[in-house]
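In: sharing a sequence plus its predicted fold:
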Amino acid sequence: EMLSDEVKIVSVQHVSNVLGCVNPTDRIVELVRSKAHADSKIVFDACQSVPHMKVDVQALGCDFLAASGHKMCGPTGIGFLWGKEDLLNSMPPFMGGGEMIDEVYNDRSTFAPAPARFEAGTPAIAQAIGLGAAFEYLNKIGMDRIEKYE
């Protein structure tokens, strides 16, 4: 009932820590694609799912997926946003500087392809290393093993 041609973005938790359920993402994607605006985007909040189960963004069918580092045993202040490459490359950067510029001319500049186009300035290097270590730690345990334990 809430989906109409006026809806441009739908954001839903992949897994709810409040209800303790895995939301039916296949059904959500089907409903959004059939009832919302033709160009609507689907964003899944995977903060609760990524540290507890295998997550296949291709199979989910979303346009964007976000997760937080600290939920994955990583440092605070970092996470990630996965997005379909064509969508990311069609979006203008929201900040300037650093490696996000591709070419500079007298009257204009072009932007690097994603993800670099969104990474202006000095990155959070220590946090990124910590997030990588968290991914390695969870993968070493095994996501199937973690999900089975849950």
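Out: That came through fine. Numbers count the residues shown, from 1 in each chain.

In: figure out the length between the terminal residues of stretch 18-30.
Out: Using CA to CA, to the nearest Å, the end-to-end distance of stretch 18-30 comes to 24 Å.

In: what comes up buried for it?
Out: By 16 or more other CB atoms under 10 Å, the buried positions in stretch 18-30 come out as Asn23, Thr25, Ile28, Val29. To be clear about C-beta, it is placed using only N, CA and C from the backbone, and glycine gets the same treatment.

In: will you turn the residues you listed into TSV that also has pLDDT and secondary structure?
Out: Shown next, in TSV, are the buried residues of stretch 18-30 (pLDDT from 0 to 100; DSSP: H, G, I helix; E, B strand; the rest coil):
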residue	pLDDT	secondary structure
Asn23	96	coil
Thr25	96	helix
Ile28	96	helix
Val29	97	helix
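
In: could you dump those to TSV with distance to Ala112?
Out: Converted to TSV, the buried residues of stretch 18-30 look like this (distance: CB to CB, whole Å):
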residue	distance to Ala112
Asn23	34
Thr25	31
Ile28	33
Val29	30
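
In: just give the closest residue to Ala112, not the sequence neighbours.
Out: Among residues not flanking Ala112 along the chain, Asp102 sits closest, at 4.6 Å (CB to CB, 6 or more residues apart in numbering).

In: contacting residues around that neighbour?
Out: Shown in contact with Asp102 (CB atoms under 8 Å, 6 or more residues apart in numbering): Ser109, Thr110, Phe111, Ala112, Pro113.

In: also His70?
Out: His70 sits in contact with Thr76, where contact means CB under 8 Å, 6+ apart.
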